[in-house]
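1. requesting a structural model of the entry that follows:
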Amino acid sequence: MRGAGRLVVALLSVMLFTSTASMAFGQSSQIPPLSVSTELPLYESGDRVVFSGVIKSPDVNNLIDVTVRIVGPIVNGTGATNIVTVKQVRPLLDGTFADNFVVGGPLWNKKGDYKIIVNYGPQKAETMFFYNGGEDLPVVIPPPQCGPGQVIVNNQCVTPPDQKPTTPVCGTGTVLDPATNTCVVAPPPETVECPPGEELVNGKCVETGGPEPQQPVCGPGTHAENGICVPDAKTGEKNGCLIATAAFGTELAPQVQLLREVRDGVLYSTGAGTTFMAGFNEFYYAFSPAVADLERQSPLFKEVVKTAITPMLSTMSILNYANIDSEQEMLGYGVGVILLNIGMYFVAPALVIVKVKGLLQKRRL
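-> Coordinates of the predicted model:
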């Protein structure tokens, strides 16, 4: 009997504890994440509105302010963007917060329902109160919903009268007469005479031609041709690529055309390139006629020259793809090409000779 009594007491204790925990959990789960309320539902002009709220789970390690906005008046669900007061409230460690504000002033000139909106991070809560000061808000009557084919006249739905007769579509050579709403023969077009220096375009007189392209300012000894500066022609001056023409057999060879494009389109387009070509021509034409004659007389020498100048032609083609817009860029690319040719024609052979000489000396040892 005593054992049975103890068992009954234990079961009753377990049931009581379970019921108490369930009630506590149910009450805790009903608490919203963020809440706010006012002391009174109605305030007059000059009253102090005291509001308070609770944050269910505040971040005690990094407390942030609660943002409070008072908007209104709210009429038919609109007015939530009309902000009359904004505040920042620091919550306590237990999550509670409270503050107040006074209703009245230039922003509180309308009576009606006002809303307090609070934000704590992503959480949001709001409450309403009525402000009994200021002027009465006009009653907004929504417009009536009219049926198909009806229009609103004096806030009432009415059926419009019969529409005016449709406007006819006039064919070629006819126009619409507004007085009779019919198509009549079109009058002959007026002849437009334009003054001198103008021409008729789409029935309007416009100036003929356009502004002439601006020519570059060329230095001494040069003149503009096709938008670039080229040297002035001199009596007895030679202007051809003699060695390359003799090596490849014709001035129409792609290699000769490449040299001409680099000379006329790149070097002569800048002052630095023009100065370089003036000095180069004095040096080049001092020996190039004799070399070209030897190429024509000796096919073997012609092939040797063709093989020798092919690497130089490859380096010159770089200037055709370079975007040269200034004297500095011309000098930079020009010096680079010259150094590249020096490396190919002098430095590289010298290194090969030194290397071969060293190998021969090692074999003798």
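2. which strands and helices sit next to the helix or strand containing Val206?
-> Using DSSP states H and E, Val206 sits within strand 204-207. Helices and strands in packing contact with strand 204-207 are listed as strand 198-201; criterion 3 or more CB pairs under 8 Å, 6 or more residues apart in numbering; DSSP states H and E. Bear in mind the C-beta positions are built from the backbone N, C-alpha and C, glycine included.
3. can you list the buried residues in the strand it packs on?
-> By neighbour count, with 16 or more other CB atoms under 10 Å as the criterion, strand 198-201 contains no buried position.
4. what packs against that strand?
-> Right, strand 198-201 is packed against strand 204-207 by 3+ CB pairs under 8 Å, 6+ apart.
5. distance from the chain centre to the strand it packs on, please.
-> Put simply, strand 204-207 sits 38 Å off its chain's centre (CA atoms, centre = their mean, to the nearest Å).
6. same deal with stretch 339-358?
-> Put simply, stretch 339-358 sits 52 Å off its chain's centre (CA atoms, centre = their mean).
7. how far does it stretch from start to finish?
-> End-to-end distance for stretch 339-358: 26 Å, by CA to CA, to the nearest Å.
8. need the contact partners of the strand holding Val206.
-> Contacts with strand 204-207, where a contact means CB atoms under 8 Å, 6 or more residues apart in numbering, come from 192, 194-195, 197-199.
9. so what are the sheet partners of it and their directions?
-> strand 198-201 (antiparallel) (DSSP bridges).
10. ok, and what's touching the strand it pairs with?
-> Outside strand 198-201, the residues that reach it (CB under 8 Å, 6+ apart) are 192, 194, 205-208.
11. which of the residues you listed lies closest to Met128?
-> Val206 (67.9 Å; CB to CB).
12. before we move on, back to that, adding distance to Glu261, write the contacts of strand 204-207 out as CSV.
-> As requested, those are exported to CSV (distance: CB to CB, whole Å):
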residue, distance to Glu261
Val192, 48
Cys194, 44
Pro195, 45
Gly197, 39
Glu198, 41
Glu199, 38
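13. least confident of these?
-> Between the contacts of strand 204-207, the one the model trusts least by pLDDT is Val192, at 68.
14. just to revisit the earlier point, and which of the contacts of strand 198-201 is nearest to Pro41?
-> Out of those, the one with the shortest distance to Pro41 is Val206. That distance is 74.9 Å, counting by CB to CB.
15. bridge partners for that closest one, pull those for me.
-> Judged by DSSP bridges, the bridge partners of Val206 are Glu199.
16. tell me how far it lies from Cys194.
-> 8 Å (CB to CB, to the nearest Å).
17. repeat that for Cys218.
-> Computed with CB to CB, the distance linking Cys218 and Cys194 is 38 Å.
18. neighbour-wise, which of the two wins?
-> Shown here are Cys218 and Cys194; by other CB atoms under 10 Å, Cys218 has more neighbours (18 against 14).
19. for the more buried one, helix, strand, or coil?
-> Of the three states, Cys218 takes coil according to DSSP: H, G, I helix; E, B strand; the rest coil.
20. ditto for Val60
-> Of the three states, Val60 takes coil under three-state DSSP.
21. contact partners for it?
-> When contacts are counted by CB under 8 Å, 6+ apart, Val60 is found next to Leu93.
22. just the pLDDT at it, thanks.
-> For Val60, the pLDDT comes out at 77.
23. next: the one 10 residues further on.
-> According to the prediction, Ile70 has pLDDT 90.
24. hang on, it packs against Asn100?
-> No. Ile70 sits out of contact with Asn100 when judged by CB atoms under 8 Å, with a separation of 11.4 Å.
25. low-confidence stretches in the protein?
-> Across the chain, the ranges flagged by pLDDT under 70 are 1-30, 135-142, 149, 161-166, 188-192, 202-203, 209-216, 219-223, 226-239, 365.
26. can you pull up the most central residue in it?
-> The residue at the geometric middle of the chain, judged as the C-alpha nearest the mean C-alpha position with CA atoms, centre = their mean, is Asn323 (25.6 Å).
27. give me the nearest residue to that residue, chain neighbours excluded.
-> Across the structure, with CB to CB, 6 or more residues apart in numbering as the measure, the residue nearest Asn323 apart from its sequence neighbours is Glu329 (7.8 Å).
28. next, Phe280: phi, psi?
-> With angles defined as degrees, to the nearest 10, Phe280 shows backbone torsions of phi -70, psi -40.
29. any idea how many residues pack against it?
-> Phe280 is surrounded by 12 other residues when neighbours are defined as other CB under 10 Å.
30. and what of the one 5 residues further on?
-> Per other CB under 10 Å, the neighbour tally for Tyr285 reads 14.
31. tell me where the stretch 151-300 of the chain has helices.
-> 242-248, 254-261, 271-284, 288-297, 299-316 (DSSP state H, counting those that start in this stretch).
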